[in-house]
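> Predicted model and sequence follow; I will ask about them next.
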Amino acid sequence: MQPNEISDRQDAAVATEVHSTSTSSNATAAERTHTSKVDDHTLLREGLRQLLDQEEDIQVIGEAVDGPDALQKIRQLQPDVVLMDIHLPQVDGVTLTRLITQEFPTIAVIMLTMYQQNQQMLQALKSGARGYLLKNSSVRDVAEAIRTVYAQGVSLKPELTRALVCEFRRLSETTGEPAKALLTEKEVELIRYVAEGLSNKEIAEQLSYSEKTVKNYLSVIFQKLHLRDRTQVAIFALRQGLLLTD
């Protein structure tokens, strides 16, 4: 074999290895959950970005400081999950959540706030948020919440769930028995699992069903109760006392 041939083959091998490495890296990036952060505090945004980017399955792809900025970037980037502060300049986080979930139903919003205010939490969930976290949460908690809502679950810490139940009890004026009477025992069981934050796959494993069967059940439940999504189902379960709490 001539020296030139050896050199050509070595170059080809190196090029193949580089291409393979690049393709693998791109595939890994494509599998990560794309997350955006909306907060007017620069230090918190930058710090959270650095910490979340260390997670193998999460990538922060955009940041915004207020409502108009957030809407523009979300329309452009269309992330999987948005971490949303409640107190924002120009447009508050609850209103912004409602606008986002109406325009992009597949985008999951997690409220990330300094304060636990029951009415605020209730308004956020009614506006379409799928999770509610306090800013004193650990990065691990935030990452797990992102994974949960990305899998179509609902993320609420146990102490926040109890607070939400108390708020529903305070606001509830009727028992809602007619609505519950529409449901079969199996449908009530599915609603409990949804309210606990389980994904379709996890519910299917609990009930030994296929994911398609679970999806069909939920579609029927949505129609019966005139609800739009899983978050509203979870709120219904809390309001009707269907969630089993300690």
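Okay, I see it. Treat the numbers as computed from the prediction; the structure is a model and nothing was measured. Numbering: from 1, shown residues only.

> Quick one: mean pLDDT over stretch 80-99.
Mean pLDDT, stretch 80-99: 90.

> Can you list the buried residues in it?
Within stretch 80-99, the residues scored as buried using 16 or more other Cβ atoms under 10 Å are 80-86, 88, 92-94, 96-99. Every residue, glycine included, has its C-beta placed from N, CA and C.

> With stretch 152-161 instead?
Residues of stretch 152-161 classed as buried: Q152, G153, V154, S155, L156, K157, L160, T161 (neighbour count, 16+ other Cβ under 10 Å).

> Identify the nearest residue to the spatially most central residue of the chain in space, disregarding sequence-adjacent positions?
Closest to where the C-alpha atoms of the chain average out (Cα atoms, centre = their mean) is V149, at 2.7 Å. Nearest non-adjacent residue to V149, counting by Cβ to Cβ, 6 or more residues apart in numbering: A108, 3.8 Å away.

> ok but Q54 is inside a helix, no?
No: applying DSSP: H, G, I helix; E, B strand; the rest coil, one finds Q54 to be coil, outside a helix.

> For it, what are phi and psi?
Main-chain dihedrals, Q54, degrees, to the nearest 10: phi -80, psi -10.

> mind checking how far it is from K135?
Taking Cβ to Cβ, to the nearest Å as the measure, Q54 falls 19 Å from K135.

> Who has more neighbours out of the two?
Applying other Cβ atoms under 10 Å to Q54 and K135 shows that K135 carries more neighbours, namely 14 against 9.

> give me the element L83 is part of.
Assigned by DSSP states H and E, L83 falls within strand 81-84.

> closest to I58 among the buried residues of stretch 80-99?
Among these, V81 lies closest to I58 (Cβ to Cβ), at 8.4 Å.

> Double-check that Q50 belongs to a strand.
No: assignment of Q50 by three-state DSSP gives helix, placing it outside any strand.

> can you tell me which residues contact it?
By Cβ atoms under 8 Å, 6 or more residues apart in numbering, the contact list for Q50 is empty.

> If we ignore the residues flanking it in sequence, what's nearest V233?
V233's closest residue in space is V194 (Cβ to Cβ, 6+ apart), at 4.9 Å.

> K135 versus that neighbour, what's the distance?
V194 sits 27 Å away from K135, taking Cβ to Cβ as the criterion.
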